[in-house]
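Chemist: quick one, fold the following:
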Amino acid sequence: MHTTKWESGQLDRRTKVGVWEYYGYTPSKERVVVQRYDHSANELLYFRPSGEFIYNIEATPGQWQRHAVDRPPLFIGGDPALAAYTTQLQYPQQAQERNIQGQVTVGFAVDTLGRASGHRVLRSIGGGCDQEALRVARTIPNEWIPAKVGSRAVAAEYELTLTFRLAQP
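Modeler: As a prediction, the model looks like this:
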């Protein structure tokens, strides 16, 4: 059994097998299950909903529209697992020299098979930060669970915001 602050489940030769639970924390610091995923069957068993989900979905091939979804696109393991990739962000030298700080939002489509593609910058701050945000977003493995409308998987656009903040002297 492998257990951390963020996840719990069985490992077989360093590979996740069987049902794993992934945790998040409420504002009152209570640990809650945010996902339960069967790695042997590649199946989401549970996710903790939080409000209404409105996403750009591909209604028909090539035609995107805002729509409520029953399940949003999810990264297996939740935000803590996603953070393992987003912490690889390197502050561009040009941005540091020009004191550029802020948030870059990268959008990409998660298809019905859980693959990400079409990465592009939706909110820019310049100074090389946009390119770095794109680089990091593209390193995220295709371990996505597609959005659903009813019982049907749909392609949906996911937005990932990465923050560039200079350390205070």
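Chemist: phi first, then psi, for P92.
Modeler: As for P92, its main-chain torsions (degrees, to the nearest 10) stand at phi -60, psi 140.
Chemist: which helix or strand contains the closest residue to R123 other than its chain neighbours?
Modeler: The shortest distance from R123 to any non-neighbouring residue, by C-beta to C-beta, 6 or more residues apart in numbering, is to T105 (3.9 Å). Every C-beta, even on glycine, is put in place using the N, C-alpha and C of the backbone. Assigned by DSSP states H and E, T105 belongs to strand 102-110.
Chemist: shaky segments in this structure?
Modeler: For the chain, the stretches with pLDDT under 70 are 169.
Chemist: you'd agree Y91 is up against L166?
Modeler: Yes - look at Y91 against L166 with C-beta atoms under 8 Å: they come within range, at 7.4 Å.
Chemist: more neighbours, these two?
Modeler: Taking other C-beta atoms under 10 Å, Y91 and L166 do not tie; Y91 has more neighbours (17 against 11).
Chemist: quick one: list the elements packing against the longest strand belonging to the chain.
Modeler: When the chain is parsed with DSSP state E, its longest strand is strand 15-25. Packing partners of strand 15-25 (3 or more C-beta pairs under 8 Å, 6 or more residues apart in numbering; DSSP states H and E): strand 7-12, strand 31-38, helix 78-86.
Chemist: name the helices or strands packed onto the shortest one?
Modeler: It stands for strand 7-12. strand 2-3, strand 15-25.
Chemist: could you dump the ones you listed into JSON lines and include mean neighbour count?
Modeler: Listed next are these as JSON lines, based on neighbours: other C-beta atoms under 10 Å:
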{"stretch": "strand 2-3", "mean neighbour count": "10"}
{"stretch": "strand 15-25", "mean neighbour count": "16"}
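Chemist: out of the ones you listed, which gets nearest to P80?
Modeler: Ranking those by proximity to P80 (C-beta to C-beta) places strand 15-25 first, at 7.1 Å.
Chemist: contact partners of the closest one?
Modeler: Here strand 15-25 makes contact (C-beta atoms under 8 Å, 6 or more residues apart in numbering) with 5-11, 31-40, 45, 48, 76-81.
Chemist: for Q96, what are its contacts?
Modeler: Each residue near Q96 by C-beta under 8 Å, 6+ apart is listed here: L166.
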